[in-house]
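Peer 1: What follows is a predicted protein model with its sequence.
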Amino acid sequence: MFRRATRRTALIASAAALLTLATGCGAADMTRQASPFANARGSKTITLSVQSWVGAQANVAVAQYLLEHELGYRVDTVQVDEVPAWDALSQGRVDALLEDWGHPEQEQRYVKDKKTITPGGDLGVTGHIGWYVPTYLAEQHPDITDWKNLNKYAGLFRTPESGDKGQLMDGSPSYVTNDKALVDNLDLDYKVVFAGSEAAQITQIKQFAKERKPFLTYWYSPQWLFEKVPMTEVKLPAYEEGCDADPAKVACAYPHTPLQKYLNTDFAENGGDAAAFLKKFEWSTEDQNEVSLMIAEQKLSPEEAAKKWAERHESTWKAWLP
C-alpha cells in the first residue's frame, strides 16, 4: 500500500519536507504531526489522509487532481495508519478520510459521541477481505477452497517463517484483520506471518506465482493484483451480523463492506466547495482499479494516473463538482 505527494508552491514544498510520503510501510504518527493546511479557516487549502494501500492512494490522487485543477485548492496529503487517522481527523489535523473499511469503535466515539467527525457518504466501492489461494492451486486441489480442508494442506504452505505450521500471509499489522483469532478459533495448523506492507505482500505473491508455488494469503477486493495473479477465495464460516463483535472469539468470514468517507465535522460544515466536492465523490470499483493499476503496475505518478483517468471519465467527475 502506497502513497505520494505533489506540491506546486514553495510553501507547499516546505510543508512536504516535514510530511513526506514514502512508498511502502511506515506511516506517519499523526498523534504528533499535522499539516499546516489542515483546518485552515478562510483559505482554499485542504489536507487529505491517505492510507497505505494503493486503492486509497488512487482515491486521493483523483480527488487531489480535481480539487487543484478544477476548484483551485492547495492540497496536502499525509499517510496515516487506519486507527490513528480517526484521531487526526477528529482533531482537525486532516480534513478528510476517503476510504474506511469499518471501525465501529472509532465511529461510536467520534461520530456518535463526540460528533467531531461527520460521515461523508459512500465511496461507491464495496470492500471485502478474505483468504485466497492462487487459482492454479485451486484447480489442482478443488477442495482446498473450503476452510475445513486447510489442515490437510498445511504442509504445502510451510515456510521458514512459519516453521512446522502452514503460513497464512498477512500484510501490515495495522490493517483490519481477524486472522490470528480465526486460526485459533477454527483450530487451524497455521501461523499468521506479516509481510509488513501491501507492497511487500504483493512482491511475495508475485514471486510465489512466478514460481507456481502454493500460498495462502489474506487479501482484499477491490485490488488490481487480481488482474495479474488470479486468486480464488477460501470459504470461511459464513458471516452473520455480530459474529465479529468480540475480536478474540471471531470464527466467521469477513463481511462485504460498503467503503465510507469521513470528514472532520468543522470542515464538513465550513469547508465550502471542497467539502461539497468530497461528499459527492463516488466512483466504481473499476474506476479505482484503473487508477491503482496505473500507479502500482505501470509506475505512473499518482498525478499522472489521475490526469489520465480524468481525461477518460469527464462525465463521471463533472457530477462531483459543486
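Peer 2: Structure received.
Peer 1: count of residues packed around the closest residue to Gly72 other than its chain neighbours?
Peer 2: The shortest distance from Gly72 to any residue other than its chain neighbours is 6.0 Å, reached at Lys44 (Cβ to Cβ, 6 or more residues apart in numbering). Glycine gets a C-beta too; all of them are placed from N, C-alpha and C. Here the neighbour count serves as a burial measure; for Lys44 (other Cβ atoms under 10 Å) it reads 16.
Peer 1: Do you have the helices of the stretch 201-322 of the chain handy? List them.
Peer 2: Across the stretch 201-322 of the chain, reading from the start of the chain, the helices by DSSP state H, counting those that start in this stretch fall at 265-270, 272-280, 285-296, 302-312, 314-317.
Peer 1: what's the shortest one in contact with?
Peer 2: The set of residues that contact helix 314-317 without belonging to it, under Cβ atoms under 8 Å, 6 or more residues apart in numbering, is 62, 66, 70, 283, 287, 310.
Peer 1: Would you list the buried entries among those?
Peer 2: The neighbour-count test (16 or more other Cβ atoms under 10 Å) marks 62, 66, 70, 283, 287, 310 as buried among the contacts of helix 314-317.
Peer 1: Switch these over to TSV; also include distance to Lys165.
Peer 2: Formatted as TSV, the entries for these read as follows, by distance: Cβ to Cβ, whole Å:
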residue	distance to Lys165
Val62	42
Leu66	48
Glu70	52
Trp283	41
Asp287	40
Ala310	47
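Peer 1: So for Ser52, what's the pLDDT?
Peer 2: Looking at Ser52, its pLDDT stands at 81.
Peer 1: Now it: which helix or strand?
Peer 2: Secondary structure assigned from DSSP states H and E places Ser52 in neither a helix nor a strand.
Peer 1: burial of it, as a residue count?
Peer 2: 27.
Peer 1: distance of it from Val60?
Peer 2: If you measure Ser52 against Val60 using Cβ to Cβ, to the nearest Å, the figure is 11 Å.
Peer 1: secondary structure class for the nearest residue to Gly163 once chain neighbours are set aside?
Peer 2: Of all residues beyond its chain neighbours, the one nearest Gly163 is Lys191 (6.7 Å), with distances taken as Cβ to Cβ, 6+ apart. Under the three-state scheme (DSSP: H, G, I helix; E, B strand; the rest coil), Lys191 adopts strand.
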